[in-house]
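>>> Fold the following.
(2 chains)
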2 protein chains.
Amino acid sequence: MTANADTRLRRLPDKGRNDIQLARDILDEARVCHVGFVADGQPYVVPMALGRDGDRVLLHGSVVSRLMTNLADGLPCCVTVTHLDGLVLARSSFNSSMNYRSLMVFGSATMVEDTADKKRCMDVLVEHLLPGRLPDLRPSTRKELNATTLLSLPLETFSIKVGEGPPDDTKSDVDTPIWAGVVPLKLKAGKPQAAPDMVKGVAVPAYLENLLGT
Amino acid sequence: MTANADTRLRRLPDKGRNDIQLARDILDEARVCHVGFVADGQPYVVPMALGRDGDRVLLHGSVVSRLMTNLADGLPCCVTVTHLDGLVLARSSFNSSMNYRSLMVFGSATMVEDTADKKRCMDVLVEHLLPGRLPDLRPSTRKELNATTLLSLPLETFSIKVGEGPPDDTKSDVDTPIWAGVVPLKLKAGKPQAAPDMVKGVAVPAYLENLLGT
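Residues are numbered from 1 along each chain as shown, chains lettered A, B, ... in the order given. Coordinates of the predicted model:
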């Protein structure tokens, strides 16, 4: 699970358009992305929540965050989403690996400033992070919206890398009596823990039950 | 789940030493990190497997990978590990968030060249990714070791960010009958899938059973 940046760049023209649906799927399954940017020559990689509105990646943060301000000003970034799908156990260390789906989106973000679009996109973000929850919540106030910077990064220049399938051992290793195969991995939800100050008599909502089933 | 790079940098002197054990724990629980670097002014964020040997982060890849070569040559990087621990459901979108533990390690990697050290560190990596598996495997060949670049990044300059606990709502929101609390999230292992070409009669090893229990 490593990569060669130069190889990836050369591959972009081939991979870009064809895999747009896979890119969307990778984004839709993710709640967290890793945002890379450069400040004074030093690379940073910061985790952020994400959403998707059509072919826009949505990021949000506080208006007082300098990172959000810099990103809104067009600081080049790389937004990477990785799903670790499994451990691939070969008969040797050398051929062991991982199954995963990883998407890198390159570009510059812009601020979503139009109030109606911003409101709608914030709702999209909330539904992305926990489908079904939005109708439960009171609408955001104008003050809350004003305190939030919402950024949009176009899903245009991207690169996908996928590792899948069983281990690929050399013939001589295959014949040895060592367990080989794939251990699937998945991010799973545990039992919801109610807030200590929750008013009495509120049932666990259906959208949380759905989450547990996945 | 956002961050301000400048704030983080200022915080480094306070957080660095005290949280070294937390930094180690975050690394030990992770199989994947996100490596950020810059090429021609463009930031990249690439997922990689990782290991830990004392206070060194271990990364590996193919000797023909230009990225590995550039990192070995001292290209500044940021290695970030994030554990998404839960969804924090407040009574409003605005106060909803996520619980997580995230570690950013800054610096430049060096190649592990000493053969004995390299062999030992590769074993550490294998055991990091799947504890208990190493004794099952044949030793790596010299050819395999030579085909692998092993990098070491010191766990010296780092920043930790942790989100934890229940939602923090405003008083007026707390009194509304909306479910609030935390949904824990955890990467879980599913049923191992044996390779189609596995020799007959090999039982699922104990270290895989242990993995399922976590």
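>>> Could you point out the longest strand of chain A?
When chain A is scanned for its longest strand (criterion: DSSP state E), the result is strand A:77-89.
>>> who does that strand pair up with?
strand A:32-39 (antiparallel), strand A:97-107 (antiparallel), strand A:181-189 (antiparallel) (DSSP bridges).
>>> Could I get the buried residue list for the lengthiest helix in chain A?
Across chain A, the longest stretch assigned as helix under DSSP state H is helix A:115-129. Buried residues in helix A:115-129, counted by 16 or more other C-beta atoms under 10 Å in any protein chain shown: A:118-119, A:121-126, A:128-129. In short, each C-beta sits where N, CA and C put it, glycine included.
>>> do stretch A:52-66 as well
Buried-residue list, stretch A:52-66, by 16+ other C-beta under 10 Å: A:52-53, A:56-61, A:65.
>>> now that stretch: how far from the chain's centre is it?
Put simply, stretch A:52-66 sits 12 Å off its chain's centre (C-alpha atoms, centre = their mean, to the nearest Å).
>>> Where do the helices of chain A begin and end?
A:5-15, A:20-28, A:66-72, A:115-129, A:142-146, A:171-174, A:206-213.
>>> picking that back up, in a markdown table: the buried residues of stretch A:52-66, plus distance to chain B and pLDDT.
Formatted as a markdown table, the buried residues of stretch A:52-66 follow (distance: C-beta to the nearest C-beta, whole Å; pLDDT from 0 to 100):
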| residue | distance to chain B | pLDDT |
| --- | --- | --- |
| A:52 | 16 | 98 |
| A:53 | 15 | 98 |
| A:56 | 18 | 98 |
| A:57 | 13 | 98 |
| A:58 | 12 | 98 |
| A:59 | 8 | 98 |
| A:60 | 7 | 98 |
| A:61 | 3 | 97 |
| A:65 | 5 | 95 |
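>>> Return the member of the residues you listed nearest to residue A:200.
residue A:60 (32.5 Å; C-beta to C-beta).
>>> Find the nearest non-adjacent residue to the closest one, please.
Counting by C-beta to C-beta, 6 or more residues apart in numbering or on different chains, residue A:150 is the residue found nearest to residue A:60 once chain neighbours are left out, at 4.9 Å.
>>> Residue A:57 now?
Nearest to residue A:57 is residue A:153, by C-beta to C-beta, 6+ apart, at 4.3 Å.
>>> What residues does the one you found make contact with?
For residue A:153, the contacting residues are A:56-57, A:59, A:77, A:79, A:105, A:107-109, by C-beta atoms under 8 Å, 6 or more residues apart in numbering or on different chains.
>>> Please tell me the pLDDT value assigned to it.
The score at residue A:153 is 98. That number is its pLDDT.
>>> Against residue A:78, how distant is it?
Here the criterion is C-beta to C-beta, to the nearest Å. By it, residue A:153 lies 10 Å from residue A:78.
>>> cool, residue A:56 as well?
Distance from residue A:56 to residue A:78, by C-beta to C-beta: 16 Å.
>>> re the thing from before, tell me the mean pLDDT over the longest helix of chain A?
For helix A:115-129, the per-residue pLDDT averages 97.
>>> show me where pLDDT drops low in chain A?
Counting by pLDDT under 70, chain A shows low-confidence ranges at A:1-18, A:213-214.
>>> let's go with 50 and repeat that
A:1-17 (pLDDT under 50).
>>> isn't residue A:110 right up against residue A:72?
Yes - Residue A:110 is in contact with residue A:72 according to C-beta atoms under 8 Å; the separation is 7.0 Å.
>>> Give the residues shared as contacts by the two.
Joint contacts of residue A:110 and residue A:72 (C-beta under 8 Å, 6+ apart) are residue A:151.
>>> More neighbours: which of these two?
Neighbours were counted for residue A:110 and for residue A:72 using other C-beta atoms under 10 Å in any protein chain shown; residue A:72 has more, 22 against 16.
>>> Surely the more buried one is in contact with residue A:150?
No - Residue A:72 is beyond contact range of residue A:150, at 9.3 Å (criterion: C-beta under 8 Å).
>>> what do these two both touch?
Joint contacts of residue A:72 and residue A:150 (C-beta under 8 Å, 6+ apart) are residue A:111.
>>> The residue nearest to residue A:71 when sequence neighbours are not counted - how many residues pack around it?
Closest residue to residue A:71 apart from its sequence neighbours, by C-beta to C-beta, 6+ apart: residue A:109 at 4.8 Å. Each residue near residue A:109 was counted by other C-beta under 10 Å, and the total is 28.
>>> swap in the one 4 residues further on?
Using other C-beta under 10 Å, residue A:113 has 10 neighbouring residues.
>>> quick one: it and chain B, what's the gap?
18 Å (C-beta to the nearest C-beta, to the nearest Å).
>>> Kindly report the same for residue A:154.
With C-beta to the nearest C-beta as the criterion, residue A:154 and chain B are 16 Å apart.
>>> List the contacts of that residue.
A:55-57, A:107.
>>> can you check residue A:90 too?
Here residue A:90 is in contact with A:96-97, A:167-169, A:173, A:180 (C-beta under 8 Å, 6+ apart).
>>> In those, which residue is surrounded by the most others?
Using other C-beta under 10 Å as the neighbour test, those are led by residue A:180, with 26 neighbours.
>>> okay, now the residue lying closest to residue A:149 once chain neighbours are set aside: neighbour count?
Excluding the flanking residues, the one nearest residue A:149 by C-beta to C-beta, 6+ apart is residue A:68, at 4.2 Å. The number of residues packed near residue A:68 is 24, by other C-beta under 10 Å.
>>> next one: residue A:85
18.
>>> Among the contacts of residue A:90, which one sits closest to residue A:212?
For these, the nearest to residue A:212 is residue A:97 (30.5 Å; C-beta to C-beta).
>>> any idea how far the closest one is from residue B:72?
Separation of residue A:97 from residue B:72 (C-beta to C-beta) stands at 21 Å.
>>> Am I right that residue A:196 is in contact with residue B:165?
No - counting by C-beta under 8 Å, residue A:196 does not reach residue B:165; the two are 10.0 Å apart.
>>> these two touch, right, residue A:61 and residue A:149?
Yes - at 5.5 Å, residue A:61 counts as touching residue A:149 under the criterion of C-beta under 8 Å.
>>> Find the nearest non-adjacent residue to residue A:184, please.
residue B:190 (3.8 Å).
>>> could you list every residue that touches that neighbour?
Applying C-beta under 8 Å, 6+ apart to residue B:190 gives the contacts A:183-186, B:212.
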